[in-house]
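K.L.:
What would the 3D arrangement of this be:
(one chain, ligands or ions: 1)
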Amino acid sequence: MWNFDEEINREKSNCIKYDWREKVFGRSDVIPMWVADMDFRTPSFVTDAIRERLTHEILGYSFRPESYFDSLIKWISLRHGWSVQRDWIEFSPGVVPALNICTLAYSDHDSEIIIQPPVYTPFHRAVKDHNRRLLYNTLLETPDGWIMDFQGLRKMITPRTRMIIISNPHNPVGRVWRRDELEQLVEICFDSGIIILSDEIHSDLNLPGNKHIPIASLSEKAAAITVTCMAPSKTFNLAGLSTSSMIIPDSALREKYRSVLEGLHLHLGNIFGNVASEAAYTYGHEWLDDLILYIQGNIDAVITYCSDHIQVIKPVMPEATYMIWLDCRQMGMSGNDLNRFFIEKAGVGMNEGSLFGPGGEGFMRMNVACPRTVVVKALRQIESAING
Ligand SMILES: Cc1ncc(COP(=O)(O)O)c(C=O)c1O
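P.N.:
Coordinates of the predicted model:
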C-alpha cells in the first residue's frame, strides 16, 4: 500500500543528510547512509493533518490539546503495553535537548554520569558540554551479541554518580534490551540512588521477533527512578519538527525536569510538531508495520550481500532501528582510514565507529532507511572498492 521503493530527490531541500555531504564528507556525490533520518515520503495522514491546520492561517502561540496526550498514551499502550498517566508526560523540543535538560536538572558540576559506549555521540556531549564527569561502562562484545557490563557498572559507581543514560533500543549496536537485563540495571541503580535516563526514541522500530520493554514499565521501583524519552521523530521521520515527549512518573523528578525546561522557555513547542505527532500516533499503526517489514528486507539484503560478496564485512543483525553496525575489522583499517576508504573509494557516506566512543573502532554505522535499490547500489560500490 505504501511505496517505500520510490526514490525521492532530497537535494536542495536544506536537508542535512544530502545537502551537507560536501561539508561532512568532502564530496557531494556519496550515497548518504549516515544521519538517522529516512528517505521515505512522510505518510499522507501526517501531511494531510498539517495541511488541514494550515487552512486556519494564523500560526500564533499554541498548546498541546488533550487529544495530543490521548493519542500518545494510546500509542504507548498499544505498541508497548505500558499504561502511562496523563500527568507523567512532559514536552521536549527533541530528545537530544532532553538529554541536556536532564543533565542540568539531575546533576551538578561534581556529578558523574555513566553512559555505555559505543553509543550515540550526543550522549557523550550531553555530559561533557555541561562539565559533568563522564564515566564509560563499555558494552561487552560476546559471541551472542553486545551486552551490558553489570559487574563493571557496580564497580564504577561512587557516591557522586547521579545518572546513567541508556539507549533502548541501542544505537548503534541495535540491541533491544531484554527484561532480565533491564531488571538487573534497575536493581543496581535503585540500590545506588542513580537515575536512569532511558532514551527510547527508536522503540517503535523494533524488528520482527523483538519486543521493546519500556524500562519504567517494569516495576514501581523502576518507575520511581526512570525518566523516559519517546518521540515520533525516528518512527515517522519527523525530526525536523523538533517534538518529543518525556515520561516521568515520579513527581519530584518531573518537577526538576519542568523547572529547567520552563527556565529555558522551551515548553511551548511548535504547532506543526504537535499536529504531526498526534496524526502519526493516531493513524500510524499500519504504515509503521509496513515500514518495519521494508526495513527488515533492507537489512536482510545487506546481510545476504555481505555474506555472498563482501565477506570481510560482518554486519551485526540489529534487533531494532534502521541502522546496521558493520564490523569492518577484518579490513585492517580503522578510524579515519576506514572512513576515507568508504568515502573516497566506495562513494558511500556512513558514520565511523570510533565516533561512538570506546568499542566502536573498526566499525561503521550504515543507515538503510532508503529504497532497496539505493542499498544495493551502495553494496555494489563497496564490493568493487574492496575488490579494486
Ligand atoms: C538514540 C538517539 N537519541 C536521540 C536522537 C535524536 O533525537 P532528536 O532528533 O529528537 O533530538 C537520535 C537520532 O539519531 C538517536 O539515535
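K.L.:
just the strands in the stretch 151-300 of the chain please.
P.N.:
161-167, 195-199, 226-230, 244-247 (DSSP state E, counting those that start in this stretch).
K.L.:
Dump the ones you listed to a markdown table, plus mean neighbour count, mean pLDDT and distance to Lys345.
P.N.:
Using the backbone N, CA and C atoms, a C-beta is placed for each residue, glycine as well. Formatted as a markdown table, the strands of the stretch 151-300 of the chain follow (neighbours: other CB atoms under 10 Å; pLDDT from 0 to 100; distance: least, CB to CB, whole Å):
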| stretch | mean neighbour count | mean pLDDT | distance to Lys345 |
| --- | --- | --- | --- |
| strand 161-167 | 23 | 98 | 31 |
| strand 195-199 | 25 | 98 | 34 |
| strand 226-230 | 26 | 98 | 38 |
| strand 244-247 | 25 | 98 | 38 |
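K.L.:
out of those, nearest to Glu7?
P.N.:
Nearest to Glu7, of all the strands of the stretch 151-300 of the chain, is strand 244-247, at 28.8 Å by CB to CB.
K.L.:
is any part of that closest one close to the ligand?
P.N.:
Yes - Strand 244-247 lies within reach of the ligand by CB under 6 Å from any ligand atom, at Ser244.
K.L.:
how about the strands of the stretch 151-300 of the chain in JSON lines, adding distance to Phe123?
P.N.:
Formatted as JSON lines, the strands of the stretch 151-300 of the chain follow (distance: least, CB to CB, whole Å):
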{"stretch": "strand 161-167", "distance to Phe123": "5"}
{"stretch": "strand 195-199", "distance to Phe123": "8"}
{"stretch": "strand 226-230", "distance to Phe123": "11"}
{"stretch": "strand 244-247", "distance to Phe123": "16"}
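K.L.:
Out of those, flag the one nearest Lys12.
P.N.:
Taking those one by one with CB to CB, strand 244-247 is closest: 27.5 Å.
K.L.:
Run through who's touching that closest one.
P.N.:
Identification of contacts with strand 244-247 by CB atoms under 8 Å, 6 or more residues apart in numbering yields 72, 76, 84, 88-95, 98, 201, 214, 216, 227-233, 257.
K.L.:
List the neighbouring strands of that strand plus their orientation.
P.N.:
Next to strand 244-247 in the sheet, as set by DSSP bridges, lie strand 89-92 (antiparallel), strand 226-230 (antiparallel).
K.L.:
Provide the contact partners of the last one at residue level.
P.N.:
Residues from elsewhere that reach strand 226-230 (CB under 8 Å, 6+ apart): 72, 76, 92, 95, 98-99, 102, 106, 186, 195-201, 203, 214-216, 244-249, 253, 257.
K.L.:
Output the set of residues of the stretch 1-150 of the chain in proximity to the ligand.
P.N.:
36, 94-96, 120.
K.L.:
let's see 8 Å
P.N.:
35-37, 92, 94-99, 119-120, 122-123 (CB under 8 Å from any ligand atom).
K.L.:
Give me the subset of those lying in strands.
P.N.:
If you go by DSSP state E, these have Ser92 in strands.
K.L.:
Could I have the PyMOL command that selects the buried members from the residues of the stretch 1-150 of the chain next to the ligand?
P.N.:
Filtering these down to the buried ones (16 or more other CB atoms under 10 Å) takes a single PyMOL command:
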select buried, resi 36+37+92+94+95+96+97+98+99+119+120+122+123
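K.L.:
Let me see the contact set for Glu90.
P.N.:
By CB under 8 Å, 6+ apart, the neighbours of Glu90 are 245-248, 254, 257-258, 261.
K.L.:
Pick out whichever of these sits closest to the ligand.
P.N.:
Ser245 (10.3 Å; CB to the nearest ligand atom).
K.L.:
Cool, thanks, talk later.
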